[in-house]
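Chemist: my questions concern the predicted model and sequence given below.
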Amino acid sequence: MLYLPNGDIFATGVVDYEYRPIPPDLVNHRIILYIFINKFPTLAVIDTGAPYLIIAPTLAKRLDLDPQTSLEKTSLKIRGVSYPGSLYRISVMLTAAKGESQPFDATAFIVDADQEDKWERLPTFLGIEGCLDRIRFAVDPSKDHFYFGAIP
Amino acid sequence: MLKSVVSPQKETKLGHFTGNQFREIYNWFPNKLIRTSGSSPLVEWLDSSEQETSGFNFIFIWISPHKHSPDVLIPDDEILRLEEAAQAEDEMKFIEASRLVDWNRCTADEYIRAIRLALKAGAHFQARKLAQEGGVRFTDHAEMQKYANGLAPAKIVSPGLPPDTNAAADMQWLKTNGENYRCQWIALQAGVLLATAPTGKQLLEQLENPKDKSILITPVY
């Protein structure tokens, strides 16, 4: 797929992404990927400044996780607004159109389900710290291709 | 670093220090008179009354009350600062306060307390850092390991899997039809539109089985 100069593999999978403003009424464009979280398909936005995988309340309802298994109840400021939620360890998969899809475990901040109205159309976010920090990735903006692979 | 020389001796020479370190010393020796001279401070465990009577060419500073016993490894004022930052949900204040703590002397329970305070302060990156440090130091402490694992970097748990054809079909549908459904919520299954609604809540209510893992439920961006 993609290789480092020494011949080691850099990326084992590639997938098309959408590049659109999030939410749709804003001008800042984001890379939107199709991923799986605990085997549920969802769209997620790459946010390199965010900690964790941040899971939107509508998806949180579908995941229906047991609060007893959460690491900690906490809150997270997203775009200047504080949202209550909980931290969990959760399974994620970057899905490939060609090559290999890559499953991994990540720390997730799951926004409380009762925040759905306040959250509105914000997406699920893929942060670096605790989420993509063991994944190499590269973007080809001429083709809207997202390359990825696990760091050995 | 300098904290390690604290002892109940009459006089302890701390050596040369910079302005920033001086502030740290100030923090470390509350309830004591600190006598300093130039860049080679002496710390004396004096009564406040001696402040007036000493005729030496030294600076004396009286610092607010503070416990300093072997049982309290994070001194009360340091914990207080961490707690204040957490209460105020002030990430920067928490990071500043945590720099003054000598983490090498902390117990696993103190690490856990600090991690929880960091999360409350919104200092998530600091919480992760403390969890990793604590996890390495206290390998037999179950609660510490829970935090270390929960806040650890992502972990690759299995080799790569084949591409998902349903995902490709859904993405193709979005590229082809997305423009007509902007700002609406949609339910897609293998590239087939099942339902639409103005909100996620309404869409979940429409679906017979919203927990079906083959259905993509999303706003159209």
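Modeler: Happy to help now that I have it.
Chemist: residues in contact with residue A:16?
Modeler: Contact analysis of residue A:16 by Cβ atoms under 8 Å, 6 or more residues apart in numbering or on different chains lists A:97, A:143-146, B:171, B:175. From N, CA and C alone the C-beta is placed, and that goes for glycine too.
Chemist: ok, now residue A:100?
Modeler: Residue A:100 sits in contact with A:12-13, B:159-163, where contact means Cβ under 8 Å, 6+ apart.
Chemist: report the separation between the closest residue to chain A within chain B and residue A:9.
Modeler: Chain A sits closest to residue B:160 of chain B, with a gap of 2.6 Å, by Cβ to the nearest Cβ. To residue A:9, residue B:160 is 10 Å away according to Cβ to Cβ, to the nearest Å.
Chemist: chain neighbours aside, what residue packs nearest to residue B:119?
Modeler: Nearest non-adjacent residue to residue B:119, counting by Cβ to Cβ, 6 or more residues apart in numbering or on different chains: residue A:74, 4.3 Å away.
Chemist: and what of residue A:32?
Modeler: Residue A:32 sits nearest to residue A:18 (Cβ to Cβ, 6+ apart), 4.2 Å away.
Chemist: what about the one you found, how many residues close to it?
Modeler: 20 (other Cβ atoms under 10 Å in any protein chain shown).
Chemist: gap between it and residue A:93?
Modeler: For residue A:18 relative to residue A:93 (Cβ to Cβ), the value is 18 Å.
Chemist: what pLDDT, on average, does stretch A:93-100 get?
Modeler: What stretch A:93-100 shows for mean pLDDT is 96.
Chemist: ends of it, what's the gap?
Modeler: End-to-end distance of stretch A:93-100 (Cα to Cα, to the nearest Å): 10 Å.
Chemist: quick one: distance of it to the chain centre.
Modeler: Here stretch A:93-100 is found 14 Å from its chain centre; the criterion is Cα atoms, centre = their mean, to the nearest Å.
Chemist: can you mark which positions in it are buried?
Modeler: Residues of stretch A:93-100 classed as buried: A:93-97, A:99-100 (neighbour count, 16 or more other Cβ atoms under 10 Å in any protein chain shown).
Chemist: could you do stretch A:108-124 as well?
Modeler: Those would be A:108-113, A:115-116, A:119, A:121-124, for stretch A:108-124 by 16+ other Cβ under 10 Å.
Chemist: picking that back up, restricted to strands, list the buried residues of stretch A:93-100.
Modeler: Judged by DSSP state E, strands contain the following of the buried residues of stretch A:93-100: A:93-94, A:99.
Chemist: need those in JSON lines (columns: distance to residue A:1).
Modeler: Formatted as JSON lines, those follow (distance: Cβ to Cβ, whole Å):
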{"residue": "A:93", "distance to residue A:1": "17"}
{"residue": "A:94", "distance to residue A:1": "13"}
{"residue": "A:99", "distance to residue A:1": "5"}
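Chemist: which one of those is nearest residue A:139?
Modeler: Of all these, residue A:139 sits closest to residue A:94, with 13.2 Å by Cβ to Cβ.
Chemist: and residue A:2, how close does it get to residue A:8?
Modeler: Taking Cβ to Cβ, one finds residue A:2 at 10 Å from residue A:8.
Chemist: neighbour-wise, which of these two wins?
Modeler: residue A:2 (17 against 9).
Chemist: need the contact list for the more buried one.
Modeler: So residue A:2 contacts A:9-11, A:138, A:147, A:149 (Cβ under 8 Å, 6+ apart).
Chemist: out of those residues, which are buried?
Modeler: A:10-11, A:147, A:149.
Chemist: of those residues, which belong to strands?
Modeler: The members of the buried ones among the contacts of residue A:2 that map onto strands under DSSP E are A:10-11, A:147, A:149.
Chemist: tell me the one of those residues nearest residue B:202?
Modeler: In terms of Cβ to Cβ, no member of those lies closer to residue B:202 than residue A:147, at 36.8 Å.
Chemist: the closest residue to that closest one other than its chain neighbours bridge partners, please.
Modeler: Leaving aside its chain neighbours, residue A:147 sits nearest to residue A:11 (3.8 Å; criterion: Cβ to Cβ, 6+ apart). Beta-bridge pairing of residue A:11 under DSSP bridges involves residue A:2.
Chemist: for residue A:102, same thing?
Modeler: Beta-bridge partners of residue A:102, counted by DSSP bridges, are residue A:94.
Chemist: near residue B:134, how many other residues are there?
Modeler: Count around residue B:134 with other Cβ under 10 Å applied: 27.
Chemist: what's the closest non-adjacent residue to it?
Modeler: Using Cβ to Cβ, 6+ apart, the nearest residue to residue B:134 is residue B:111, at 3.6 Å.
Chemist: over to residue A:57?
Modeler: Nearest to residue A:57 is residue A:116, by Cβ to Cβ, 6+ apart, at 4.2 Å.
Chemist: also residue A:119?
Modeler: residue A:57 (5.1 Å).
Chemist: contact partners for residue A:85?
Modeler: Shown in contact with residue A:85 (Cβ under 8 Å, 6+ apart): A:73-76, A:109-112, A:115.
Chemist: can you put the residues you listed in a markdown table and add pLDDT, distance to residue B:103 and secondary structure?
Modeler: Below are the contacts of residue A:85 laid out as a markdown table (pLDDT from 0 to 100; distance: Cβ to Cβ, whole Å; DSSP: H, G, I helix; E, B strand; the rest coil):
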| residue | pLDDT | distance to residue B:103 | secondary structure |
| --- | --- | --- | --- |
| A:73 | 95 | 24 | strand |
| A:74 | 94 | 21 | strand |
| A:75 | 93 | 25 | strand |
| A:76 | 94 | 24 | strand |
| A:109 | 97 | 25 | strand |
| A:110 | 97 | 29 | strand |
| A:111 | 95 | 31 | strand |
| A:112 | 93 | 32 | coil |
| A:115 | 93 | 34 | helix |
